[in-house]
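[1] this is a predicted model, with the sequence first.
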Amino acid sequence: MDGSTNIIQGMVVEGKLDGGEAPVVISGNFSGELNAVEVFLEEMGVFKGTLNADRVELAGDFNGTLTTEELSVGSTAKVDGELRANSLAIELGAEVIGSVGRKS
Amino acid sequence: MFKNTESNDADTQKVSVIDDQMRITGTVISDGDVILAGQLEGQIICNKLTVEDGAILNGSIETGEVVISGTVTGDVASINAHIEASGHFEGDLKCIGIEVEAGAHVVAKFKKAPAKIVKAAAKLENETAE
Amino acid sequence: MDISKTKAVIGEGAHFSGTISNARSIEINGTVEADLEAEKVSIGPEGEFHGAIKSDLVVISGHYNGEMHAHSVWATETAQIAGEVHYQSLQMDRGAALNCRVVHNWTEDTGSSLPHAESEDEVTESADAETDEDAK
């Protein structure tokens, strides 16, 4: 097993999560603060709050502030917020409202 | 990948080229497509705009489709916008479809596409449906 | 991502504090400070859970500290439990360390209510296991 944190569909998690070294996969509902190395917000996943990571892939609903090295926004993503990334990719189909800039 | 409904042949679609030697200050309006390889300070309104790698645009863009491989500073109101890996964009993006390739430099505010663009997109969808 | 990952997991190395709800089956391998209501909770050997748990089944192989209300509790050999455990059925493996109050026949309802006419203790103890019914 790879030790990743898996917030599955249906789960509602509120609070502060530090993912440690392993990836965090969100198919459920997370609100609060997330610090991790790698985050996958799956298509059914909903995130509200602050996200700090090295690599992020968004395929679901994101609302809040995101700071990362690498950001990939998929075609199913719905993003509303402030995105700060050094490397940004957005797939056609993604809905993005807010702002994007560099991480630092 | 977004497919343009019209091919870019010079026969079927008028293409204007602002070559890399040119510097324009002002407003450029075309019913057809424009390729910007030079510099534009001002506004451009056209069907499809291609900002080539090396080109510089300071101002605003109003298009059906824009492909940015060069440097654009200003606002973009377009049905679709594509920022390529070599692209450098700073400004507002008011588009329906947005695509950004990894490597692109983007500092932008994403806003709702203006009504005019939304209408144009709907019209385009109806036309392709026929 | 791998679709076969249908189990809720707080991974090893992860730290969480807050609330978790609607988790039917969850595995805790990291450190969690939360109140949790579920059907099955599994605290792995590296897992640490601080808070209240209300569950049908709880399997503890790591650390637990808090107030637990469960129908079935299984403390394995690496379990370390502090706080209070309310149970209907409790199994402890040799090596499990309990430093808590253990209460049988809890009457609260998590949806799996059993009549307490069946007050027959189903505690399975192994020789070396410690049951410390310390009133705190």
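    Alright, I've got the coordinates. Residues are numbered from 1 along each chain as shown, chains lettered A, B, ... in the order given.

[2] so how far is the helix or strand harbouring residue B:35 off the chain centroid?
    Residue B:35 is located in strand B:33-36, with elements delineated by DSSP states H and E. Offset of strand B:33-36 from its chain centre (CA atoms, centre = their mean, to the nearest Å): 9 Å.

[3] beta partners for residue 84?
    Since you didn't name a chain, this refers to chain A. residue A:67, residue A:101 (DSSP bridges).

[4] the chain in question should be chain C.
    With DSSP bridges as the criterion, residue C:84 is bridged to residue C:67, residue C:101.

[5] hang on, the earlier thing: partner strands of the strand holding residue B:35 and their direction?
    strand B:15-18 (parallel), strand B:48-51 (parallel).

[6] strands of chain C, start to end?
    C:8-10, C:15-28, C:31-43, C:48-50, C:53-60, C:63-75, C:80-92, C:97-104 (DSSP state E).

[7] ok, residue A:72 - contacts?
    A:56, A:57, A:58, A:89, A:91, B:102 (CB atoms under 8 Å, 6 or more residues apart in numbering or on different chains). Bear in mind the C-beta positions are built from the backbone N, C-alpha and C, glycine included.

[8] restricted to buried residues, select those residues in PyMOL.
    In PyMOL, this line selects whichever of these come out buried by 16 or more other CB atoms under 10 Å in any protein chain shown:
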select buried, chain A and resi 56+57+58+89+91
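
[9] residues of stretch C:45-65 that come out buried?
    C:46-51, C:53-65.

[10] contact residues of chain B facing chain C?
    Proximity of chain B to chain C (CB under 8 Å from any CB of the partner chain) involves no residue at all.

[11] please enumerate the helices of chain B.
    Counting by DSSP state H, chain B has helices at residues B:115-129.

[12] let's see the helix or strand of it with the lowest mean pLDDT as PDB, backbone CA atoms only.
    For chain B, the helix or strand with the lowest mean confidence is helix B:115-129, at a mean of 89 (criterion: mean pLDDT, DSSP states H and E). What follows is helix B:115-129, C-alpha atoms only, in PDB (Å, rounded to 0.1, in the frame of the first residue of the first chain):
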ATOM      1  CA  ALA B 115     -22.600  38.900 -23.000                       C
ATOM      2  CA  LYS B 116     -21.500  39.700 -26.500                       C
ATOM      3  CA  ILE B 117     -19.000  36.700 -26.400                       C
ATOM      4  CA  VAL B 118     -21.600  34.400 -24.800                       C
ATOM      5  CA  LYS B 119     -24.000  35.300 -27.600                       C
ATOM      6  CA  ALA B 120     -21.400  34.700 -30.200                       C
ATOM      7  CA  ALA B 121     -20.500  31.300 -28.700                       C
ATOM      8  CA  ALA B 122     -24.200  30.200 -28.700                       C
ATOM      9  CA  LYS B 123     -24.600  31.300 -32.300                       C
ATOM     10  CA  LEU B 124     -21.500  29.400 -33.300                       C
ATOM     11  CA  GLU B 125     -22.800  26.300 -31.600                       C
ATOM     12  CA  ASN B 126     -26.100  26.600 -33.400                       C
ATOM     13  CA  GLU B 127     -24.300  27.000 -36.700                       C
ATOM     14  CA  THR B 128     -22.200  23.900 -36.200                       C
ATOM     15  CA  ALA B 129     -25.200  21.900 -35.100                       C
END
